[in-house]
Structure formats: C-alpha cells, structure tokens
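K.L.:
missing the sequence, but the structure's below:
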DNA sequence: TGGAGGAACATGTATATACATAATAATTCG
DNA sequence: CGAATTATTATGTATATACATGTTCCTCCA
C-alpha cells in the first residue's frame, strides 16, 4: 500500500515511511512519535521538512498533535468514505453502454411550499422544475428530478435542456460552495416504477443533492436508480492518496 | 461560507480570500491566478507563504498548477461527497434514542467460496461469521452481518462479541490501510424482514464494507437499514474545511 | 525558413532561522 | 504545603534564501 518503492521527494519518502508504520500497526494508536527535531535528525533533514510531513499526517487525520506533549497516532474514530459522483453520462459510458438522455417534463413556476423546502428557500422565487430520464442502452438507468432556483441562476430560464442534461450545464455555469447529499432507499411508487420500467415497490437507491453558491440555493436534484442495477462504490485510504 | 471574519493566521486569511473568489465565480474556471511572487507582494507576505496557500488549494482540487504557465482555477469535474461512517452506537445515540445490541449468531468455520468472494480471499482461511442486531429504542435499527478473517486477526478467535459490537473492537485492535464501500438498495428478503421487523420486500439501504490491513483482508461487513428509517448524509465543501 | 539550443520563467523542494503560542514542569513565595 | 509565577519545551507560523525541474519562448545558425 505504501507505494512501489522509489519515492520522488524527501518528504514523500518520510511521509510514506511513517504512514507505513502507522497502518501496519508498528506504531499503534496512542503511540507518541518522535519529536520534529528527532525526526529531522533521523532522516537527515531540516525541522521544516519534518514539520511539513507531520502537518500533512495531522490534516489527513492519521496523527494528532499537541503542543509540548508531542505528536500521537490518532484513534481511528469514524470511517470516512469519499464518494465521487460523476455525471450520469460518464457513469453509463464507464459501463460501456450507449448513453441517451430525454427530457420528460419542464415547468417554469413560482416555488411551491414543497419546492421551498427542497431548496431550503425562505422566500418565494421563480424555479425551473425538470424531470429527465437517463438511459443505458435500451433500459432506463436513472430518473432525475431537478429544481433550479432561477433567482440564483437566471441564465437557466432560457435553456430548454431538451438535448443535454442540466447537471453538466449547471456545473459549468455557476460555481458552488457547498453541497449536501442524502442517500436512502425507497420503494418505487407507481409513477417511478413506470418511468424506470421496474415493478411497483421495487427497491430504489435515491440520492438527493442540494447545492449552494455564493448567491444562495442553486439547485435540488433527486436521482432515483433501480436498486438492483446500481451501487455507489467508494474506495478509501486513510490520509487520502498523499 | 468563508468563516466569520477574523481569520487566525496569515495564510488562512489569504486562503479563504482566494477560495472566496473562486467559489463566488469572481475567478471562473480556467482563470489564471496571480503568480506566487505577485500574490506575495499583494498580501505582503513571502513567496513561501503564497506557495503554501496555492499548494493547499491544489491539493484540495480547487486549482491546477502548471510550471512556467502559472496556476489556474480548476474545472470542477466530479462532485465528491465525504461520508463519515460512525459506529452504529454513536449513530443511534445522536438520535437521542437508547441503544442496545444483540448477537444473533456466531459461527467459526473455514471460509466457503462465498465468504472468500466477500473477503476477496484467494486461499482458504478460518473465519468468524457474525450476525448482530442493533436496536434504537424498541425497534431494530440495523442488521449487521460480518465476516472476520482470522488469518489476519487471530485475536478475534477468543472474542465472543456477546456484549459489544465487533466493529468497535476491530477498529481498536488492528489498523486498516484501505476500505471499500458499496452502497445500494435491496428489497428485504423474508429473513431480513423478520429480523428488522419490517414487511417483506420493503426497501432497505445496504452498505457493504471491505477492509484491508497490511496483513491482508481483515473484514467484510454488510449493514442493512430499513430504507425509510435511515439516510446517509454528507455535507461537502470544495477544498475540505480548510 | 525551420529546427536546435539556450535563456527566461514559474513552480517545487529544501534549509536555516526567528519568533509566537500553548502546555507542562519547575520554582518560588506566602 | 499549596498556589502563583516563571522556565522549559514542542509545535505553529513566517521569512529569506537557494537550487532543482519542467515549460515556454526566443534567438541564432544552417
């Protein structure tokens, strides 16, 4: 796991060395690692370099640093998983299936109370309500229900999204500062079952995402996947990839 | 979003300033930001400090750096969501519900072909097969099915896991170097429905995790949640939390 | 004109140094 | 003897400096 041997730079070498000791258990949780100056001596480097390495490890959550006391291997508390959520098109193509997209519905209206709750809007605003279907080959792959806050993204008013999905357009148009994801399972309603061409009450994986920009709420989107055809996969190494 | 005003250190101030320009769209994707030396002059700091900030932004994926050309605001390609997966007990307690745990089954055996596939084992090995139920109040909260590779974790042989869940014990016992998560939706089988006290075919959220240590595969675990009672939530800001 | 060679440039890494900060250890004094 | 004060220690931040590395651009010469 500790990279194939030849390390590029000095602090990379030191980093993966220490990382190795930690993940191998040689330095168990709670173990106090050598002080910066000692590390500097051991590896024949300056304290700045040792500091850089330890700072990196601390940011990655592998160690905890306390003034005067020293640096300690951290107690792993939570398992973190980084989900990379690509565009649906990229997802389908990675399965080596032909991708197609169709806009099912498009409404321009004032935000209803439900819309406001989804977008976490305090005041009313014009919104764009879209329903799209993503196909992988002949079969429906994913149902996308999206609300776009036109108060934040007025440029979207003119777009008709009949050719390309709103997700990629949005991401290229406006920068986002925060996103919140909710992932849960749901039995397909009659309507959803019909659109996804699955049986009623089939288990579906639902991913909801709310996105904010500096100008306020941007978009709310709900992706519904047939549960037996799709899984989210996340591979995770403590300390990222260094 | 850019922290409440008073910034601790110099490079924090610079960092959140630049971050703000990027997420606000003032500096759009592709924009070339000032060179290190110029930034140093603008903020009245040394190049090292500017370098530290830009390195940080690059690691966070907000900018891309090219020698000779300069640093550019990155094109946001994938949406990443960091899921923090706590212990079930912490999860239940955060809902302010009383937590209880019960071991349902415990088998010690040689790995079957299915076990080997789950653990990604190439050779056979002794394994511990556990089925546990986590309760929130009176209701079942989560079904845990776990395989532990005793070839990697021989210490687990003696543990009976009747009192405390294997997850916390394992995490404190052996360090892990990699984990892989699979998240999908599944209709409850008759057996699962009975254990979770839900109706047959109810949608469930399933999280599978495979964990490796330096000594090889450690454990495979499958958590099954009633879909309508549980959701994974992840909040994400580009560049982490800086 | 066109391509090889080299200068210029921006980033990447590393060092020595300095002072700030926070926590612990030691010391002093009532 | 115990509380307040001071000293020590390890980390945290910042600077000036130096050289390496990979691009780009320019120049010079065939």
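P.N.:
Yes, it's here. Since the model is a prediction, treat every value here as computed from it, not as a measurement. Numbering: from 1, shown residues only, chains lettered A, B, ... in the order given.
K.L.:
does any part of stretch A:227-241 sit near chain B?
P.N.:
Yes - if you take Cβ under 8 Å from any Cβ of the partner chain as the test, stretch A:227-241 does meet chain B, through A:227, A:228, A:230, A:231, A:232, A:233, A:234, A:235, A:236, A:237, A:238. In short, each C-beta sits where N, CA and C put it, glycine included.
K.L.:
So which elements touch the lengthiest helix in chain A?
P.N.:
As assigned by DSSP state H, the longest helix anywhere in chain A is helix A:10-24. Helix A:10-24 sits against helix A:36-43, helix A:47-59, with contacts defined as 3 or more Cβ pairs under 8 Å, 6 or more residues apart in numbering or on different chains; DSSP states H and E.
K.L.:
Would the worst-scoring helix or strand of chain A on mean pLDDT count as contacting chain B?
P.N.:
Lowest mean confidence among the helices and strands of chain A (mean pLDDT, DSSP states H and E): strand A:79-85, at a mean of 79. Yes - legend: contact between strand A:79-85 and chain B by Cβ under 8 Å from any Cβ is shown at A:79, A:80, A:81, A:82, A:83, A:84, A:85.
K.L.:
Narrow the residues of stretch A:227-241 next to chain B to just the buried residues.
P.N.:
Using 16 or more other Cβ atoms under 10 Å in any protein chain shown as the burial test, the residues of stretch A:227-241 next to chain B include A:227, A:230, A:231, A:232, A:234, A:236, A:237, A:238 as buried.
K.L.:
Now do the helix or strand hosting the fifth one: distance to the chain's middle.
P.N.:
This means residue A:234. Using DSSP states H and E, residue A:234 sits in strand A:232-236. Remark: strand A:232-236 is offset 10 Å from the chain centroid, using Cα atoms, centre = their mean, to the nearest Å.
K.L.:
since we're on the closest residue to residue A:140 other than its chain neighbours, how many residues are nearby?
P.N.:
Among residues not flanking residue A:140 along the chain, residue A:196 sits closest, at 4.7 Å (Cβ to Cβ, 6 or more residues apart in numbering or on different chains). Neighbours of residue A:196 under the rule other Cβ atoms under 10 Å in any protein chain shown: 21.
K.L.:
Residue A:183 is in contact with residue A:204, correct?
P.N.:
No - using Cβ atoms under 8 Å as the test, residue A:204 is too far from residue A:183 to be in contact (11.5 Å).
K.L.:
okay, these two: which has more neighbours?
P.N.:
The neighbour count for residue A:204 versus residue A:183, taken as other Cβ under 10 Å, is higher for residue A:204 (29 against 23).
K.L.:
That one bridge partners, please.
P.N.:
residue A:186, residue A:226 (DSSP bridges).
K.L.:
gap between it and residue B:122?
P.N.:
In this structure, residue A:204 and residue B:122 are 35 Å apart, going by Cβ to Cβ, to the nearest Å.
K.L.:
Switch the helices and strands packed on helix A:10-24 over to TSV; also include distance to residue B:45.
P.N.:
Output for the helices and strands packed on helix A:10-24, formatted as TSV (distance: least, Cβ to Cβ, whole Å):
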stretch	distance to residue B:45
helix A:36-43	23
helix A:47-59	16
